[in-house]
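Enquirer: Quick one, structure for this:
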Amino acid sequence: MNSITREQRIYAAAGASVLFIISLFFNWFGVGDFNVSGEDAVPSWWILLIFAAVAAAVLVADAMNFELPPAVRPAPWAAYLTSVCFIVTLMIFLEGDNRKFGIFLALLFSVVAMVLAVMHWREEER
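Expert: Predicted structure coming up:
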C-alpha cells in the first residue's frame, strides 16, 4: 500500500465511499421474493448516505488541494465519517439473517473507505 501515491489513496477512499452509497440501494437481506435493501434495513440510512457523501467530497477536495475552512481538516473528518459507516454496517451485518450480496458489498466498500481514509490521516499527521 505504500507504493500508491497520496492522491491515488484519497481517490480510492472517495470512490469506495461512493460505491458504499450505491450499495445502500441493493438488497441486503431477503428470503424468496421478499427482499430488504439497505435503506430499509438501516433505521436512519440517510445519515449513512450523508456521512459517506461528505467523506467523499472532503477527500476529493483534499486531493484537488481545494481550500477548505480551517475547522475542516479533511483527513480526520474522512476517517471519522467512514468509520461510522463501517461500524453501523457491521452492526447490521451481524444482527441479520438471510444476507444478500448488497450487505457484503456495503461492508467491503465501507472497510476499504475506512482503511484508506485512516491511512491518509496517519500520513497527514506525520
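Enquirer: how about the strands of the protein, start to end?
Expert: 27-31, 34-37 (DSSP state E).
Enquirer: okay, how far is it across stretch 62-74, tip to tip?
Expert: This stretch, stretch 62-74, spans 6 Å end to end (Cα to Cα, to the nearest Å).
Enquirer: hmm, who's touching stretch 53-71?
Expert: 6-7, 10-11, 13-15, 17-18, 21, 72, 74-75, 77-78, 81-82, 85, 113, 117, 120 (Cβ atoms under 8 Å, 6 or more residues apart in numbering). Glycine gets a C-beta too; all of them are placed from N, C-alpha and C.
Enquirer: Now list the buried members of those.
Expert: For the contacts of stretch 53-71, a burial check counting by 16 or more other Cβ atoms under 10 Å picks out 10-11, 13-15, 17-18, 21, 74-75, 77-78, 81-82, 85, 113, 117, 120.
Enquirer: Counting residues, which helix of the protein comes out longest?
Expert: In the chain, with assignment by DSSP state H, the single longest helix is helix 101-125.
Enquirer: And that helix, what does it pack against?
Expert: In terms of contacts (3 or more Cβ pairs under 8 Å, 6 or more residues apart in numbering; DSSP states H and E), helix 101-125 is packed against helix 6-23, strand 27-31, helix 38-41, helix 45-63, helix 74-95.
Enquirer: same for the last one, what does it pack against?
Expert: Counting contacts by 3+ Cβ pairs under 8 Å, 6+ apart, the secondary-structure elements packed against helix 74-95 are helix 6-23, helix 45-63, helix 101-125.
Enquirer: Please work out the angle formed by the directions of it and strand 27-31.
Expert: Going by axes from the mean of the first three to the mean of the last three Cα atoms, to 10 degrees, helix 74-95 is angled at 0 degrees with respect to strand 27-31.
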